[in-house]
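Participant: Coordinates for the following, if possible.
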Amino acid sequence: MMRNWNHLAMATLLLPLISVNPVLGQSRSEPVSRAAMYQQGQDGLIEMFLDHATAELNLTEEQRSGLEVALRETMDRRGELARRQAQVAREIREALSDPATQDDEFRRLSGEIISAKRREVELAEWQDSRLLEVLTPRQTLRFMLMQQQLAQRIEEIRRQRSGEGRQRR
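Facilitator: Next up, the predicted model:
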């Protein structure tokens with residue numbers, strides 16, 4: 001099972017690279033948008049994860065289809081949240097670098113951070129309810145553990161890579 005997680009974790013880490021390289025099998029003369037390349041990479045990752053979940057959880061076709069819809073909706077919502085969080089982070093850096101920034105702006109940005117944390121919790125609750133519509137309670141908990149294990153494996157790989165990067169310097 002660890003081998004499957006390693007492949008999926010590596011693919012997840014490579015997604016940003018997929019989005020900046022030509023799509024395999026596509027002529028270089030055909031323009032490809034970054035969004036299209038990213039979407040193709042994301043679709044591949046979803047398929048890999050669904051294959052793994054189908055085997056681990058013994059999903060029916062109906063459950064697999066419902067899980068795919070839930071995952072895609074969750075990813076879309078996470079993407080929106082991540083874009084907003086990145087925007088707030090830029091605003092915070094700008095505010096901190098400008099000595100003329102007023103306290104009201106810092107208060108507003110603090111509120112934005114708290115709001116984003118609330119939205120993260122709401123998104124997790126929303127995903128959990130969507131999973132329970134598709135999976136049995138047992139499958140839902142196992143799926144949540146699978147997601148957690150994948151996230152931990154990705155973090156381990158990132159730490160290893162950042163450690164390697166520092167050693168090469």
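
Participant: hmm, which helix or strand of this structure has the shakiest average pLDDT?
Facilitator: When each helix and strand of the chain is scored by mean pLDDT, DSSP states H and E, helix 2-18 comes last, with a mean of 46.

Participant: So for the next helix or strand after it, mean pLDDT?
Facilitator: As assigned by DSSP states H and E, the chain's next helix or strand after helix 2-18 is helix 34-57. For helix 34-57, the mean pLDDT works out to 79.

Participant: Repeat that for stretch 82-96.
Facilitator: 94.

Participant: Quick one: residues in contact with it.
Facilitator: For stretch 82-96, contacts defined as C-beta atoms under 8 Å, 6 or more residues apart in numbering pick out 101, 105, 106, 109, 112, 113, 116. All C-beta atoms are positioned from the backbone trio N, CA, C, and that covers glycine.

Participant: 6 Å instead?
Facilitator: The contact list for stretch 82-96, computed with C-beta atoms under 6 Å, 6 or more residues apart in numbering, reads 101, 105, 109, 112, 116.

Participant: Got a quick ChimeraX command for the buried subset of those?
Facilitator: Buried subset of the contacts of stretch 82-96, written as a ChimeraX selection, criterion 16 or more other C-beta atoms under 10 Å:
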select :109,112
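
Participant: Just put the contacts of stretch 82-96 in CSV and tack on distance to residue 51, pLDDT and secondary structure.
Facilitator: Output for these, formatted as CSV (distance: C-beta to C-beta, whole Å; pLDDT from 0 to 100; DSSP: H, G, I helix; E, B strand; the rest coil):
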residue, distance to residue 51, pLDDT, secondary structure
101, 49, 94, coil
105, 48, 95, helix
109, 42, 95, helix
112, 38, 95, helix
116, 32, 92, helix
